[in-house]
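In: quick one: sequence and predicted model below, then my questions.
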Amino acid sequence: MPEDRRAPRDSVVVVSHSFELVRVDRLNRNAFVGPERLLAARLEAFCEYLARHRSRFRTMTFGDASRATFDARDVTPIASNRLRAFARMASQALTMVY
């Protein structure tokens with residue numbers, strides 16, 4: 001999030017699916033179903049970051065957003081960093097065993 005200062009935005013939407021935080025062993029039907037610890041830790045760190053920087057970031061639910069007004073003129077997607085994308089993919093691969 002610190003890189004957002006280079007290209008300020010009025011809003012950012014973070015989308016996640018509930019099943020992303022559940023680890024399932026697809027090879028063994030009787031295996032333990034548990035949390036994706038790495039992804040859960042990443043989500044917790046993100047939430048803690050937002051909480052520490054309340055003066056810079058306002059969080060809301062989609063219900064809150066439906067009542068808010070936004071300036072939709074800037075719809076340029078945020079560029080991805082290839083190194084960070086690779087690191088993210090590597091950590092996702094690691095969740096298969098961790």
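Out: Cool, got the structure.
In: just the helices in this protein please.
Out: All helices of the chain, identified by DSSP state H, fall at 37-52, 62-67, 82-94.
In: which of these sits most buried?
Out: helix 37-52 (a mean of 12; mean count of other CB atoms under 10 Å). No exception for glycine: its C-beta is placed from N, CA and C like everyone else's.
In: just checking, what packs against that one?
Out: If you count contacts as 3 or more CB pairs under 8 Å, 6 or more residues apart in numbering; DSSP states H and E, helix 37-52 packs onto helix 82-94.
In: circling back: reformat the helices of the chain as a markdown table; add distance to Val14 and mean pLDDT.
Out: Shown next, in a markdown table, are the helices of the chain (distance: least, CB to CB, whole Å; pLDDT from 0 to 100):
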| stretch | distance to Val14 | mean pLDDT |
| --- | --- | --- |
| helix 37-52 | 8 | 88 |
| helix 62-67 | 11 | 78 |
| helix 82-94 | 14 | 83 |
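In: contact partners for Phe86?
Out: Counting by CB atoms under 8 Å, 6 or more residues apart in numbering, Phe86 makes contact with nothing.
In: no no, Ser91
Out: 38, 42.
In: try it again at 7 Å.
Out: Listed by CB atoms under 7 Å, 6 or more residues apart in numbering, the contact partners of Ser91 are Leu38.
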